[in-house]
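> Below is the sequence, then the predicted model.
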Amino acid sequence: MAISDKIKALMKIRRKGNGDLAEYLGISTQALSNKLYRGSFSAADLIRVATCLDCELAITGDDGNKITFVESDLLPSATSSKEV
């Protein structure tokens with residue numbers, strides 16, 4: 001199943017329409033339709049989609065270790081340093 005199909009399935013399960021998700025992402029419904037058609041979602045988009053749909057985006061290793069991605073991960077880190 002393609003990413004777009006999974007997002008559409010989650011939207012249906014969570015009873016959210018394209019307008020709801022587009023508004024949360026800060027894009028037009030046409031832009032969301034284009035993303036769904038192309039399957040062109042960035043990692044940041046997927047984190048926001050998961051948040052909007054009250055879901056969790058995570059990577060789980062075969063050893064059971066899990067890393068969860070949340071919207072606060074998208075904020076610039078106060079401890080990150082910039083190269084000069």
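Structure's in. What do you need?

> how near is the spatially most central residue of the chain to Ile7?
Centroid-nearest residue in the chain, with Cα atoms, centre = their mean: Leu46, separated by 1.7 Å. Remark: distance between Leu46 and Ile7 (Cβ to Cβ, to the nearest Å) = 8 Å. Backbone N, C-alpha and C define where each C-beta goes, glycine included.

> What are the boundaries of the strands in this protein?
57-60, 66-69 (DSSP state E).

> quick one: strands adjacent to the last one?
Based on DSSP bridges, the pairing partners of strand 66-69 within the sheet are strand 57-60 (antiparallel).

> what's the model's confidence in the strand it pairs with, averaged?
Per-residue pLDDT values over strand 57-60 give a mean of 97.

> now do stretch 14-34
97.

> Likewise for stretch 77-84?
56.

> Would you map the helices across this protein?
With DSSP state H as the definition, the chain shows helices at residue ranges 3-13, 18-25, 29-38, 43-52.

> Make a markdown table from those and add distance to Val70 to it.
Output for those, formatted as a markdown table (distance: least, Cβ to Cβ, whole Å):
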| stretch | distance to Val70 |
| --- | --- |
| helix 3-13 | 17 |
| helix 18-25 | 15 |
| helix 29-38 | 21 |
| helix 43-52 | 7 |
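
> got the strands of the chain as TSV, with mean neighbour count columns?
Compiled in TSV, the strands of the chain are given as follows (neighbours: other Cβ atoms under 10 Å):
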stretch	mean neighbour count
strand 57-60	12
strand 66-69	12
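
> Let's have those in a markdown table, adding distance to Thr51.
Listed next are the strands of the chain as a markdown table, based on distance: least, Cβ to Cβ, whole Å:
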| stretch | distance to Thr51 |
| --- | --- |
| strand 57-60 | 8 |
| strand 66-69 | 10 |
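
> And these: which comes nearest Pro76?
With Cβ to Cβ as the measure, strand 66-69 is the member of these nearest Pro76 (15.8 Å).
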